[in-house]
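*Asks:* The amino acid sequence is not available; the structure is as follows:
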């Protein structure tokens, strides 16, 4: 059995992107489980987030306490799901959108899962030291060419990841930041 665990983006919830993620799970012949981030959004009624950023000296900086708490929660949830479903790390695919993609990448590399799919994600400078170097994990980093949310620096932040990772960079020509579609499924 393959288990696909989805982590939504900021402001979303476990049901966000469900049409796309359900099709993705079907493509991988996997059981789908979707998780909510630990922090309740104050902007979106049904939304959650993994971490916020603050403006410090003209730069946006990750709230590191939220980052670490989210990582502990996500790691614990993934390990618990693996135990409950009776699967090992080699049978797990983590998929995340935006902030969820970064959290999925971190968890995947720590746990040594089969694969991680990061959709329209970025890696803020302050969390690079937390990213493990685990070349056994297949990474598919998908970037929508029409993503108008991430600036160029954030879109290219993946270049700072360790160079020996099993890494595939995929451009989805017509996808935006929040629109995940069949085009991405065909590219994966």
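*Replies:* Yes, it's here. The model shown is predicted, which means the values in this text are computed figures rather than measured ones.
*Asks:* Determine how far stretch 61-74 lies from the middle of the whole chain.
*Replies:* 14 Å (Cα atoms, centre = their mean, to the nearest Å).
*Asks:* can you list contacts of that stretch?
*Replies:* Under the criterion Cβ atoms under 8 Å, 6 or more residues apart in numbering, residues 7, 35, 37-39, 50-55, 103-104, 106-107, 124, 126-127, 130 lie in contact with stretch 61-74. (Each C-beta comes from the backbone N, C-alpha and C, glycine too.)
*Asks:* Quick check: which element contains residue 94?
*Replies:* According to DSSP states H and E, residue 94 maps onto strand 92-97.
*Asks:* Partner strands of that strand and their direction?
*Replies:* Next to strand 92-97 in the sheet, as set by DSSP bridges, lie strand 2-7 (parallel), strand 115-119 (parallel).
*Asks:* Tell me which of these is the most buried.
*Replies:* Most buried of these by mean neighbour count (mean count of other Cβ atoms under 10 Å) is strand 115-119; its value is a mean of 26.
*Asks:* Give me the distance between that strand and the centre of its chain.
*Replies:* That offset, for strand 115-119, works out to 6 Å (Cα atoms, centre = their mean).
*Asks:* what's the average pLDDT for it?
*Replies:* Averaging pLDDT along strand 115-119 gives 97.
*Asks:* and residue 157, what does it touch?
*Replies:* Contacts of residue 157 by Cβ under 8 Å, 6+ apart are 122-125.
*Asks:* Need phi/psi at it.
*Replies:* phi -60, psi -20 (degrees, to the nearest 10).
*Asks:* Look up how far residue 90 lies from it.
*Replies:* Distance of residue 157 to residue 90, computed by Cβ to Cβ, to the nearest Å: 28 Å.
*Asks:* Any idea which residue is closest to the centre of the chain?
*Replies:* Residue closest to the mean C-alpha point of the chain, counted by Cα atoms, centre = their mean, is residue 101 at 1.4 Å.
*Asks:* and residue 77, which of the strands paired with strand 92-97 is closest to it?
*Replies:* strand 2-7 (8.0 Å; Cβ to Cβ).
*Asks:* what's in contact with that closest one?
*Replies:* 14, 17, 21, 24-25, 28-35, 37, 50, 74, 77-78, 81-82, 85, 87, 91-97, 100-101, 103-104, 114.
*Asks:* which other helices and strands contact the next helix or strand after it?
*Replies:* Sequence order places helix 18-27 as the next helix or strand after strand 2-7, per DSSP H and E. Judged by 3 or more Cβ pairs under 8 Å, 6 or more residues apart in numbering; DSSP states H and E, the packing partners of helix 18-27 are strand 2-7, strand 30-35, helix 182-187.
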